[in-house]
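Chemist: no sequence for this one, just the structure:
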């Protein structure tokens with residue numbers, strides 16, 4: 001990751017999102033300043049990754065669908081700011097391995113548990129967040145973005161960060177515990193706007 005490019009992008013995006021969409025970030029104090037961490041967020045718009053990355057007080061490394069890396073200019077750019085490819089139709093082994101490496105180095109991985117944009121709310125939630133939390137021994141901060149689905153109407157953007165959630169660290173989590181943890185993370189994501197005072 002080219003940190004100077006990432007930081008420059010954050011400044012640029014803050015300027016745009018703040019002036020055009022009046023973006024606000026809530027609960028940034030819930031994001032631990034150091035150590036391995038996963039941020040799990042809802043996903044309704046292509047703007048969500050840069051919005052989340054801009055609002056978060058730490059640099060985020062993202063899994064991104066591998067097709068994006070074949071796009072001229074965009075591919076090299078997202079690689080430079082720490083994104084890495086995942087094959088959503090095939091094996092995700094390489095992406096999981098890379099995510100665990102980031103976490104074990106004390107980094108932050110951002111994921112969207114619904115797999116892709118979930119405009120209708122009917123996407124099946126995947127279990128990757130619990131798997132990464134277990135393999136990387138990392139807490140999960142739930143996050144919720146509101147407003148990006150109506151960006152064309154200049155709806156205000158809000159990004160909410162909740163308190164970290166943790167799987168048992170003294171032993172290997174059972175399959176049932178991981179399923180329950182995934183459900184807990186999703187409940188936290190969906191309740192964040194109300195829990196922080198915005199219905």
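Modeler: Okay, I see it. Remember, predicted model here, so these are calculated numbers, not experimental data. Residues are numbered from 1 along each chain as shown.
Chemist: Give me the below-cutoff pLDDT ranges for the protein.
Modeler: The chain contains residues with pLDDT under 70 at 1, 88-90, 115-127, 195-199.
Chemist: cutoff 90 now
Modeler: Low-confidence segments of the chain, defined by pLDDT under 90: 1-5, 62-96, 113-128, 168-175, 178, 193-199.
Chemist: what are the ranges of the strands in it?
Modeler: Using DSSP state E, the strands found in the chain span residues 24-26, 37-41, 61-65, 84-86, 108-111, 140-146, 158-161.
Chemist: which helices and strands sit right next to the fifth one?
Modeler: In this case it means strand 108-111. In terms of contacts (3 or more CB pairs under 8 Å, 6 or more residues apart in numbering; DSSP states H and E), strand 108-111 is packed against strand 37-41, helix 48-55, strand 61-65, helix 93-104, helix 128-136. In short, each C-beta sits where N, CA and C put it, glycine included.
Chemist: Check the protein for its longest helix and report it.
Modeler: helix 175-195 (DSSP state H).
Chemist: That helix packs against which elements?
Modeler: Using 3+ CB pairs under 8 Å, 6+ apart, helix 175-195 sits against strand 37-41, helix 128-136, strand 140-146, strand 158-161.
Chemist: hmm, try it at 7 Å
Modeler: Counting by 3 or more CB pairs under 7 Å, 6 or more residues apart in numbering; DSSP states H and E, the packing neighbours recorded for helix 175-195 are strand 37-41, helix 128-136, strand 140-146.
Chemist: if I read this right, residue 162 contacts residue 141, doesn't it?
Modeler: Yes. Residue 162 is in contact with residue 141 according to CB atoms under 7 Å; the separation is 6.4 Å.
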